[in-house]
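S.K.: starting from these lines, generate the structure:
(chains A, B and C)
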Amino acid sequence: MMSLTLEGVVLIGALGLIVIGALGMAISNHLFRMLLALVLAESGANLLIVLSGYRVGASAPILGFGDPTAPMVDPVPQVLVLTAIVIGVGVQALAVALLLKVYRVYGTLNVRELRDRMDADVATAAGVEADASQDAPAGERPLPPVPAHASVGSGGFGRRGPVPFPPQSDERRP
Amino acid sequence: MISDLAVPNLFVAQAGQLVLPVVLPLLAAFLMQPLARVSTALARGLGPLVLILCAWITAQLWIQLGDAPFTLAIGGFAPPLGILFYADGIALLFALAVPVFALLFWPGSESGGGAGADSRPGSDQADRDQAARRDALVLLLVAATTGLALSGDLFNLYVFYELAAVASFGLVALSGTGRAQVATFRYLMISAFGSVLALAGIAILYMQTGTLNLGQLAQLAPETLNNPIGSAAFALMLIGFGVKAELFPVNTWVPEVYAGAPARVSALLAGLVSKLAVLVIVRLLVLIFPQPEAAQMLLVLGVLGVLTGEFAAWRAKDFPRMLAFSSIGQLGIVFVAFSIGGEIGLLAGLAVALHHLIVKSALFGLAVRWNGSLEALAGAARTSPLGAALFVLFALSLVGVPPLPGFWAKLTVIVGLAERGTPLDITALMSILLVTAVEASYLFRVAIRLYQDNPDPVARHARRDLGVSALLGAVLVAATLGLRPVADVLGAGAAQLGDRAGYIETVFPSHVAGKD
Amino acid sequence: MTSLDHLVLVSALTLALMLLFGRMRIAGRLAVVLYAVQFLLLMQTGALLGEPVASSLTLSVLDLQMHWRYDALSWFFAMITIGAGFFCAWYAAGVWQERYREEGHSPRLFHVALAANVLTMLILLGSGDLLSLFIGWELVSWASFLLMAVGGGPAGRAALRYLVYAFSGGMAILAGLMLIYTQTGSLDYARVLSLLGELSDGQVWLLLLLIGGGFAVKMGLLPFHLWQAAAYAETPGPGSSFLGAISARMGLYALIMLLVAMLGIGRLTAMEVPFTFLSARDLIAWIAALTVIIPTYIALQQHDARYLLAWHGIGQGGYMLLGLMVGNAVGSAGGLFHVFTYGITQAALLMAVFAVVHRTGTADLNKLGGLVARMPLTFLVLLFGIISLAGLPPMAGFVSKWMVYRSLVAEGMPLLFVAAVVGTLGTILSVYKLIHNIFLGQLRIEHEQVREAPLSMLLPMLGLSTLIFLVGVTPGPALSWVAAVQASLGLPPVPYTLGGIEDPRGGLDMLWLVGILMAGFGVGALIFFGLGGRSKRVHQLDNYAGGHFLTADVRYQYSDNFYAGLMHLIGPWYRGAFLWLEKALTATVAFLSAVMNGFYRYAQPALFVLATAVALLALTTA
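M.R.: Okay, the predicted model is just below:
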């Protein structure tokens, strides 16, 4: 079997960071957590870059540091990773700024709520009827049908507002 | 670079001037804010001025030097260590398109001469700051996208790509509405995650080859990258760079961003930025990943993009989102075309991409005023007959009606697919034809609606937006009449674009040493 | 420059002039003159009897050569096209155009659309290879869309439905062409012809389905017929006549190219429909027969004169294809000849109906009646037209239909013959409804002041009626064209004479037949006048019933709900036929669209990215 070298461990670690970040982005329900997951993934990618120039037992590529004849670590990725980190930080800062603004407008950072609110906003701005939310029951009438004796205030389907009562006669038809 | 700038003779094209279309907008972008404090008029004029200058320089370069590809080593450091700009016909064409389209869709006065709060220019310091910021962001976008067209170094491409991304985030969010900000945030998340993957891909490439210079990568690719690891790197970079190019699974940001952003910004993003990202992917595909697996990935994702985009557009209820979905579909066709490979594939891809650049930008130009629901467009032909006629023209070309350029572009794709003729190709062919019928039905549903009777049609177009769309429409008609020369230019460009050996030869001349 | 170039250039010039001067009053007459010039130029090409005429224009795209040429088949269809354009422009040139302008429409747009239709059809008919055929096809589709859509309102909706059908058909054709291209590496007729024999039966079936299906859309063959009636009926007056006369026949032209010229009847006969005892030829013939029957009986239900005629147009296309599928000399000649006879018939009929609409403002059969004394010449035109449409002597339609029946009987296809006769029965019933509800019965009081149609509209109508009668009496000259077309297609030419056809087993001589018919009328007239010819002229509203005077406002005769009893019996058999197919397809697209939309709205982007990345990585390592 393949023996695990230090490089191998770090490589797996870097890829693992990316995967953890991706999973975090996929399953978190809160925008700020998504952002944190992104930061994790980004550091994974940065680690991968640093690793790409790494040589076992080599010295740091700094003039006058260590043995000048010994093999050096490739300096190019290290330069690259600096750029990448700077870009990453910039983008993250922008993201946080956006989050602040979003929170001020909508008062929430919940992904689903924001999506529905944004959809509704886009629809209103365009002057079209918004598609029904995935989370809300379809159609005009809440499902399952309300029994005839149920009163308006019975609740349970409060998300869609008050239940029309009594149901219109032609609505009863399938 | 400095010595080139010292005596600028803009009438004689020199390879050294290649750097100016990137540097000038960058400089101007950072000068914008301080300049706005000094003089509003100066700041407002600076952007267009710089863009005209860039377009002029690039046009000179294209006309005088565009026949043969040439390179420019930044700072005089020779490749592979130094960073270089690589210019062939297609790169220069796109580099020319960037300032031209940015100029056409310059977001100057969004209200377009109509009534509204912003029609009092300079009445408010905040407004002026906002305008300066917006102009700076557009210039930043121009610099970055020009860089994407010209750069010959993978990491440099990544940096320009990120710069373009940040600039477009800013432009989309600038409208300040909540929905635009949510859309921007989601866009940012996808884009940043894509960048992570692209970065990982770049790291893998570097591990395998030890270089990021495209020319050297092209040299080394056959031995080091024609394996699963190479394909994996391509997959990662494809997804990464595909975000801007509206590639299938990473394009979920498209509808909401185009619905939230100002229409002119959408025009730039859908028309221009996406094409430059496509160019990057094509360069990777041609130079570094000629293996069939890479093309196959592109084909599959392209077909999925075509299907999802066009079908989703069928149900769209408002004009910008319809255009956004249709844009996804069209870019899917672009990917399918480029995946064919060979000269015919590159020609087809270039034709579809340029056609979409012109048509979709122009349609978004119309969307400045027609930004509402499709229902509301009823009778719009009465208030702006030219706008309605242009819409019909663009729709005809988009679905591919014979004498118009869109037809020839689509035909080239289809013939290319039929010539290769694997089952996957035939599936792609059938999908494209199927969705074209869907496309025709939703576009002409709108066209018919434009000509309906309606006592209360939407407001007329501002003269500027209509002028821009009419200009692009005229280009389209001119291309119909002069199909032969256009096809020749594109064919030559495609040949250059697909010439891998030529690229290596240009970057590392074997016989002439030290050709700048 | 060949004579074909001249023809197409003049046609393009017509379009350009209409664009420039369409707004002016003179435009209509100018168009008439220009169509006449085109007609003369077409005659000059001599493509009918001589060698095919090639155009000097060739294009090559992606190593695919495109060229254009006219042979006898093209000539025949082009002759009908330009003729239809000529008569329709004439009809439009005078009063109609002014009225159209007053109603707030643009005569320029109308003239442009008509000229564009003629031009694109001429281009399509000249196609010399499959690519130019496809391009011409698309051009024709969009030109007809323009003509259909100029009316606005309901016409727009009908045009959109047409567009979806036609464009889907066009894409199917393109897919079929690409199938040919992958198999033969070329789209040139000659080369494709030489290699088509090597295709397997499965591939030919696919071709039939894709290309034949695409062409069938334009022709309105079942099950692609739903768009046609509304689209043609809602088109403004002369435009409707033009479309009815020739537009759908472009589909037939293309089907002839595919089925007869390229594949050949023999190949079709040899191909078995899987799991049945039918050959491909029988299948197409039965589709044609059903296309005759079902739309004709749908026409029976219409209460709008325009729709009634438009539904008929679909059915009559079935006769043409049926005749061609019989494939012998008389049958194919009958099918081709029916293109001509039906073209002039339908144009005349629709013109008459639109003349009535011009005077009364309605085409609703339940709101008309008794106009025979008010518009006698229009009545005559309609009468000639319906006799021809129903296929009764002595009009042109009789000859072509007789030939189709004759060949069906002679070739031993009794079931198809019965089907054709059932279709004719429906035609007779529905055209009787047409003429009765418009011209016979009780005059409505609001129509008392109605006058004869204006001269500018009447003249082309009468011209067409004369043509219908003359071709009916002496079909010989027209049959000579048909024979030339048959020869160019490689079919046995029909043995024609001046009065009909010669056949040892029973020919047809219209001169004799008309002579006998006229003699019969003469005898009747002799008896009538011999007995004193007693008659008294009264006002049309001067009516009595049961000894009571009927005032004009009393409705004593109802024409609503014609054939109620018959409909009660047979209506349920075909009501909503094929509508379910269209609805199912629309629902499928809507469903897919909702799914795709959902993908973009409820996207978990990162999840998709991750899934794709994993999938791609798996693909690469596999």
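S.K.: model confidence score at residue 97, please.
M.R.: Defaulting to chain A. pLDDT, residue A:97: 89.
S.K.: meant chain C actually
M.R.: With respect to pLDDT, residue C:97 has a value of 84.
S.K.: residue furthest from the geometric center of chain A?
M.R.: Residue farthest from the centre of chain A, counting by Cα atoms, centre = their mean, is residue A:69 at 47.0 Å.
S.K.: assumed it was part of a strand.
M.R.: No: with DSSP: H, G, I helix; E, B strand; the rest coil as the criterion, residue A:69 is coil rather than part of a strand.
S.K.: ok, it to chain B distance?
M.R.: 21 Å (Cβ to the nearest Cβ, to the nearest Å). C-beta: built from backbone N, CA, C; applies to glycine.
S.K.: next: residue A:88.
M.R.: 8 Å.
S.K.: how close does that residue sit to residue B:257?
M.R.: 21 Å (Cβ to Cβ, to the nearest Å).
S.K.: likewise residue A:92?
M.R.: Per Cβ to Cβ, residue A:92 is found 19 Å from residue B:257.
S.K.: show the subsequent helix or strand relative to the helix-or-strand element of chain B with minimal mean pLDDT.
M.R.: Each helix and strand of chain B was given a mean pLDDT (mean pLDDT, DSSP states H and E); the minimum falls on helix B:2-6 at a mean of 44. From helix B:2-6 onward toward the C-terminus, using DSSP states H and E, the following helix or strand is helix B:20-38.
S.K.: if I pick the spatially closest residue to residue A:109 that is not a sequence neighbour, what's in contact with it?
M.R.: Nearest non-adjacent residue to residue A:109, counting by Cβ to Cβ, 6 or more residues apart in numbering or on different chains: residue A:31, 4.3 Å away. Contact analysis of residue A:31 by Cβ atoms under 8 Å, 6 or more residues apart in numbering or on different chains lists A:99, A:102, A:109-111, A:114, B:185.
S.K.: remind me, longest helix of chain B?
M.R.: Scanning chain B for the helix with the most residues, using DSSP state H, yields helix B:178-209.
S.K.: near chain C, anything from it?
M.R.: Yes: contact of helix B:178-209 with chain C (Cβ under 8 Å from any Cβ of the partner chain) involves B:186, B:189-190, B:193-194, B:197.
S.K.: between those residues, which sits nearest residue C:218?
M.R.: Distances from residue C:218 to the residues of helix B:178-209 next to chain C, taken as Cβ to Cβ, are shortest for residue B:190 (44.9 Å).
S.K.: follow-up on the earlier one: close to chain A, is the longest helix of chain B?
M.R.: Yes: Helix B:178-209 is in contact with chain A by Cβ under 8 Å from any Cβ, via B:178-179, B:181-185, B:188-189, B:192-193, B:195-197, B:199-200, B:202-204, B:206-207.
S.K.: distance from the chain centre to that helix, please.
M.R.: Computed by Cα atoms, centre = their mean, to the nearest Å, the chain-centroid distance of helix B:178-209 equals 18 Å.
S.K.: buried residues in it, which are they?
M.R.: Of all the residues in helix B:178-209, those buried under the rule 16 or more other Cβ atoms under 10 Å in any protein chain shown are B:178-209.
S.K.: tell me which parts of chain A are close to chain C?
M.R.: Looking at chain C, the residues of chain A close enough under Cβ under 8 Å from any Cβ are A:19, A:22-23, A:25-27, A:34, A:37, A:115, A:119, A:131, A:134.
S.K.: how about those in a markdown table, adding secondary structure and distance to residue C:54?
M.R.: Below are the residues of chain A next to chain C laid out as a markdown table (DSSP: H, G, I helix; E, B strand; the rest coil; distance: Cβ to Cβ, whole Å):
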| residue | secondary structure | distance to residue C:54 |
| --- | --- | --- |
| A:19 | helix | 67 |
| A:22 | helix | 64 |
| A:23 | helix | 68 |
| A:25 | helix | 65 |
| A:26 | helix | 64 |
| A:27 | helix | 69 |
| A:34 | helix | 67 |
| A:37 | helix | 69 |
| A:115 | helix | 63 |
| A:119 | helix | 60 |
| A:131 | coil | 57 |
| A:134 | coil | 62 |
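S.K.: once you drop chain neighbours, what's closest to the residue of the stretch 51-200 of chain B found nearest chain A?
M.R.: Of all residues in the stretch 51-200 of chain B, residue B:178 sits closest to chain A, at 3.5 Å by Cβ to the nearest Cβ. Sequence neighbours aside, residue A:105 is the residue nearest to residue B:178 in space, at 3.5 Å (criterion: Cβ to Cβ, 6+ apart).
S.K.: so what's residue B:183 up against?
M.R.: Going by Cβ under 8 Å, 6+ apart, the list of residues near residue B:183 reads A:118, B:172, B:253, B:256-257, B:259-261.
S.K.: residue C:199 too?
M.R.: Contacts of residue C:199 by Cβ under 8 Å, 6+ apart are C:183, C:207.
S.K.: please repeat the previous calculation with a cut-off of 7 Å.
M.R.: With contacts defined as Cβ atoms under 7 Å, 6 or more residues apart in numbering or on different chains, the neighbours of residue C:199 are residue C:183.
S.K.: ok now the longest helix belonging to chain A, how far from the chain's centre?
M.R.: As assigned by DSSP H, the longest helix anywhere in chain A is helix A:75-106. Remark: helix A:75-106 is offset 14 Å from the chain centroid, using Cα atoms, centre = their mean.
S.K.: packing partners for it?
M.R.: Packing partners of helix A:75-106 (3 or more Cβ pairs under 7 Å, 6 or more residues apart in numbering or on different chains; DSSP states H and E): helix A:31-52, helix B:154-173, helix B:178-209.
S.K.: so the first one versus helix A:75-106, what angle?
M.R.: In terms of direction (axes from the mean of the first three to the mean of the last three Cα atoms, to 10 degrees), helix A:31-52 departs from helix A:75-106 by 180 degrees.
S.K.: what residues sit buried inside helix A:31-52?
M.R.: Buried residues in helix A:31-52 (16+ other Cβ under 10 Å): A:31, A:34-52.
S.K.: residue C:314: neighbour count?
M.R.: Look at residue C:314: counted by other Cβ atoms under 10 Å in any protein chain shown, it has 27 neighbours.
S.K.: also residue B:146?
M.R.: 33.
S.K.: what residues are up against it?
M.R.: By Cβ under 7 Å, 6+ apart, residue B:146 lies in contact with B:21-22, B:95, B:98.
S.K.: if we go to 10 Å?
M.R.: Listed by Cβ atoms under 10 Å, 6 or more residues apart in numbering or on different chains, the contact partners of residue B:146 are B:18-26, B:54, B:58, B:85, B:91, B:94-99, B:102, B:160, B:164, B:276.
S.K.: just say helix, strand or coil for it.
M.R.: helix.
S.K.: for it, report the pLDDT, please.
M.R.: 91.
S.K.: many thanks, have a good one.
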